[in-house]
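>>> give me coordinates for this.
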Amino acid sequence: MAATIEGQDRVLATAQQIVKSLNMNTQATEDMILILSRFDNRLSNISDLMEDGAGGSKINQQFERAEKIILLHDSGGAGEPSSKNSSPWDESTEETSEYLAAVDLIIQLTEDLNIESEGGDEIIDRAENALQLAMSKLEDDFRHALIHNTVPLDADRLYGSVRSVSRTFPSNDGEIEDEPERFGEDDQEGSSTLHHERGASLGGDFCVDLIRPEAIDDLKEIADRMIRSGYEKECCQVYTNVRRDVLDECLMILGVERLSIEEVQRIEWKIMDEKLKKWILALKVVVRALLFGEKRLCESIFNQSELIQEICFVETTKSCVMQLLNFGEAVAISQRSSEKLFRILDMYEVLGDVSHDLDTLYTDESGELVCSEAKGVLSGLGMTAVGTFIEFENAVKGENSRAVQNGDIHPITRYVMNYLKLLVDYSDTLNTLLPKNDQHELSSSQLDNGDGDGDGVDTVSPIATRVQELIASLQSNVDEKSRLYEDSAMRYIFLMNNFLYIVQKVKESELRNLLGDQWIRKHRGKIRQWHTSYLRAAWGKPLMCLKDEGIGGSSSGASKVILKERFKNFNACFEDIYRIQTLWKVSDEQLKEELRISISEKVLPAYRAFLGRFGSRLEGGRHGGKYIKYYPDDLEHYVSHLFEGKPVVMDLMKRKST
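Model prediction:
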């Protein structure tokens, strides 16, 4: 009997071992139990025996199966060393699903502290150990998926994100040549002409995906399990480290360097100007394209927790944005000079535009620092722009370079008018920045207001008032320089050249809207007055030689001595004017032609009449050609040489004298 019982126990033990070995597959276990119970009625209660005798429940079976899957992947395969490069995500979908199901079961077991089985504490310890192994593996898988699914970065793709929403794109143009303290040092034409090209305009939001879309679901699967199991800190750390490096690489591609305030202040302007253009473009790309893309990526991967979304987004992007803002701050506190104003205004405008986006992106308390810093840099750039503008105003008022030798347009006139022509494009921005104080309101009431319609000071914008004052200062400066000329005729040429240049720059730009057509008419009237004054000053003396007074009687009775003296004096005056005024420069072709026509209309008829009345008295006499050296056509020919700014030989005079 004892032998029989012992034999039955051996059969049951064998059956239990068979069933236990099948615990990897629940369906197979149940099938084997059914087969064994039908095979021998002694095995009909094997299910109870498995639970009570062996201490194994269905939960135990599922746990052991899940534990084995996790250990298998952690070891890199049966009998193989652990490999950080192996991952269920690199294998079949079935393999991945099995691994995730195993992780889910382990997570569930660790959440359930009421496991009713013998040795429950041991299972919990094993479950926690398996979970730790699984999370370590998932952490590596998460990092691997983030890195290897990052879309390759290149400048064209990043720049294209802004080009697609912009009207223009910055080129390498944009140099501003002369500084105010160097006004007048170079008298070459166009030496003080300014050039400045504004950057791409901002359009609507345009996200750039730097992660392959097909990888999003896998990343989300990993993140969900890490967060659920309490490993959200590790998950966020991996995410922010990887994505922060990607954004840093984007800044490098966009040409933004990490520079200290001291380094920024030591860079010469032409190099700095290129860096500022890159900064302006980078700020647009980063905020309008990359940050919105990162925001969307965080929302997709961490959609189970808004808090984690915000933390990961802020920690990922904060360094990149702060690097841009720190550079902007360094520029704002650097030394001011007039040529920097346009780029400072570009920086102010683009930062002002994206500040609204930053407020939208950083909605949590953790992002307040970024928004606060952006507002601080924006304020600093605005103060720098106003300070630079005021220094420019003072530079124009205090400029005291020498007058131009040939009476041409002075470099300060070219510089200031081209400066204002560019500056007026920033009218809206400057109207918000420039203070409205009593001093400027009072002076604006004394200036031309638009079309002179009598509107009060309230209708004059801050920029309109300041522009009028600046041009008035420039005109006063030009007038002071004109008084340095000893020759009054040259003074009028200088005034006409410079005031006409000012009027033309006003007419062809938005300055016209600020100053009005009446302002233009008024200054054209001044130019006409100087035109008349020039004719009187330059040609009054030679015309006096052609007067009848003092000659002594009619044409037949006129004194030859006096006639010879009159023709001789006229010739000397004309030759002196020719020698001097061919060196004078009138840049505007229309003004130059008008002056020549006026001279011809004033001088030629008088000379023709004088020659007709008295020429016969000398032409037939001895050395008559010595006194009557020119005929009206000769004079007209010589007049056409005036105001070219270069010496001309009087070849016709030489031919006639011989």
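>>> may I see the buried residues of the longest helix along the chain?
Identified as the longest helix of the chain according to DSSP state H is helix 368-398. By neighbour count on 16 or more other CB atoms under 10 Å, the buried set for helix 368-398 is 370-371, 373-374, 377-378, 380-382, 384-386, 388-389, 392-393, 395-396. Any C-beta I mention is one placed from the backbone N, CA and C, and that applies to glycine too.
>>> before we move on, what about stretch 478-494?
Buried residues in stretch 478-494, defined by neighbour count with 16+ other CB under 10 Å: Val478, Lys481, Ser482, Tyr485, Ala489, Met490, Arg491, Tyr492, Ile493, Phe494.
>>> kindly reformat these as a markdown table containing distance to Tyr631 and pLDDT.
A markdown table is the format used below for the buried residues of stretch 478-494 (distance: CB to CB, whole Å; pLDDT from 0 to 100):
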| residue | distance to Tyr631 | pLDDT |
| --- | --- | --- |
| Val478 | 39 | 95 |
| Lys481 | 39 | 95 |
| Ser482 | 36 | 95 |
| Tyr485 | 32 | 94 |
| Ala489 | 25 | 96 |
| Met490 | 28 | 96 |
| Arg491 | 32 | 96 |
| Tyr492 | 29 | 97 |
| Ile493 | 27 | 97 |
| Phe494 | 32 | 97 |
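>>> between those residues, which sits nearest Tyr348?
Val478 (31.4 Å; CB to CB).
>>> is it true that that closest one touches Leu500?
No: counting by CB atoms under 8 Å, Val478 stays clear of Leu500, with 11.3 Å between them.
>>> one step back: could you identify the most distant pair in the buried residues of stretch 478-494?
Using CB to CB, the pair of those lying farthest apart is Val478 and Ala489, separated by 16.7 Å.
>>> for whichever helix or strand Asp121 is part of, packing partners?
Assigned by DSSP states H and E, Asp121 falls within helix 120-148. Counting contacts by 3 or more CB pairs under 8 Å, 6 or more residues apart in numbering; DSSP states H and E, helix 120-148 is packed against helix 58-74, helix 93-111, helix 216-228, helix 232-253.
>>> who are the packing partners of the longest one?
The helices and strands touching helix 232-253, judged by 3+ CB pairs under 8 Å, 6+ apart, are helix 120-148, helix 155-163, helix 216-228, helix 292-301, helix 306-332.
>>> one more: the second one?
Using 3+ CB pairs under 8 Å, 6+ apart as the contact criterion, the secondary-structure elements in contact with helix 93-111 are helix 58-74, helix 120-148, helix 216-228.
>>> other residues contacting it?
59, 62-63, 65-67, 69-70, 73, 88-89, 115, 123-124, 127-128, 130-131, 134, 138, 221, 225, 228-229 (CB atoms under 8 Å, 6 or more residues apart in numbering).
>>> kindly report the same for the third one.
When contacts are taken as CB under 8 Å, 6+ apart, the neighbours of helix 216-228 outside the stretch itself are 89, 100, 103-104, 107, 135, 138-139, 141-142, 145-146, 149, 211, 232, 234-235, 239, 297, 300-305, 308.
>>> and those residues, which of them are buried?
Neighbour counting by 16+ other CB under 10 Å classes 89, 100, 103-104, 107, 135, 138-139, 141-142, 145-146, 149, 211, 232, 234-235, 239, 297, 300-302, 308 among those as buried.
>>> would you list every one of the strands in the stretch 351-500 of the chain?
Using DSSP state E, counting those that start in this stretch, no strands are found in the stretch 351-500 of the chain.
>>> ok, back up a step: what's the model's confidence in the longest helix of the chain, averaged?
Averaging pLDDT along helix 368-398 yields 94.
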